[in-house]
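Q: Provided below for reference: sequence and predicted model.
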Amino acid sequence: MNFLIKNFLRGLVILFPIVITVYLIWATVLMIDRWLGIAIPGAGFAITLGLILLVGILAGNVIGRKFFEITELLFVRAPLIKIIYSAIKDLIEAFVGEKKKFNRPVIVSLSELGEAKALGFITREAIAFLPQHDLVAVYFPQSYNFAGNLILVPAARVTPIEADSSQIMAFIVSGGISG
C-alpha cells in the first residue's frame, strides 16, 4: 500500500503542473479563437501573434510610428481612458519595454532590528511630491499571484542585491520555492 501511495503522489507532482500548464495554454488559445469567431483551434492565436508582430513592424517605420503616436495622444488626453491606458502601458513596459522597471532587486528590513526582511524591486528613488524625501518606492510582488504592493520605505532600510531580476521575481512569485 505504501508503494502505491508513494508512486501516486510522485505521479501527481509530475503530472499536475504539466496538465495545468497545458490546460491554461489551450484555454487561452480557445478563448482567442472564440473572440475572433474562428472555428479552427489555434488559428485565432496564430492570427493574434501575427497581428502583434505586424504592429511592431509598422511601429518601426516613420508612418506607423506617427500613426501610433497620434493614437496614443488621443488615449492620453481622454479623462478616464488616460488612467486605464497609462497604467496598463506602464505595467507592460515595466516587464518588457525598453525601460524595464523591475531590474533593481532589493532586500528591505521591515523592523528596526532588521530581523524580518522582504524582497522587492525599487521602482522609484526620488518621490518629489511627498514631504518626506528619504523614501524610495519598493514594489513587493505577491507569492502565487500576479499582484503586489508598493510600499514606501526609508532608503536606509533598503539594500540592493546583486542578483538576476527574473530569478528574484520567480523566487517571490513561487513563494520561495523556485530558484
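A: Yep, that arrived.
Q: what's the neighbour count on residue 45?
A: Applying other CB atoms under 10 Å, we find 19 residues neighbouring residue 45. Just so you know, the C-beta spots here come from the backbone N, C-alpha and C atoms, and that holds for glycine as well.
Q: which SS state does it fall under?
A: helix (DSSP: H, G, I helix; E, B strand; the rest coil).
Q: quick check, it in contact with residue 26.
A: No - in this structure residue 45 lies outside contact range of residue 26 using CB atoms under 8 Å: 9.9 Å.
Q: for stretch 38-52, what is the average pLDDT?
A: Mean pLDDT, stretch 38-52: 85.
Q: nope, stretch 162-174 is what I meant
A: 76.
Q: contact partners for residue 87?
A: Contacts for residue 87 (CB atoms under 8 Å, 6 or more residues apart in numbering) come out as none.
Q: how close does it sit to residue 13?
A: Relative to residue 13, residue 87 is positioned 38 Å away (CB to CB, to the nearest Å).
Q: and for residue 36?
A: On the measure of CB to CB, residue 36 and residue 13 end up 37 Å apart.
Q: residue 135 now?
A: The value you get for residue 135 to residue 13, if CB to CB is used, is 43 Å.
Q: okay, these two: which has more neighbours?
A: residue 135 (18 against 9).
Q: quick check, pLDDT for that one.
A: On the pLDDT scale, residue 135 gets 80.
Q: give me the beta-bridge partners of the spatially closest residue to it that is not a sequence neighbour?
A: Distances taken as CB to CB, 6 or more residues apart in numbering place residue 152 nearest to residue 135, at 4.3 Å, with adjacent residues excluded. Beta bridges link residue 152 to residue 137, judged by DSSP bridges.
Q: surely residue 152 meets residue 126?
A: No - the pair formed by residue 152 and residue 126 falls short of the contact definition of CB under 8 Å, at 12.0 Å.
Q: who has more neighbours, the two?
A: residue 152 (13 against 10).
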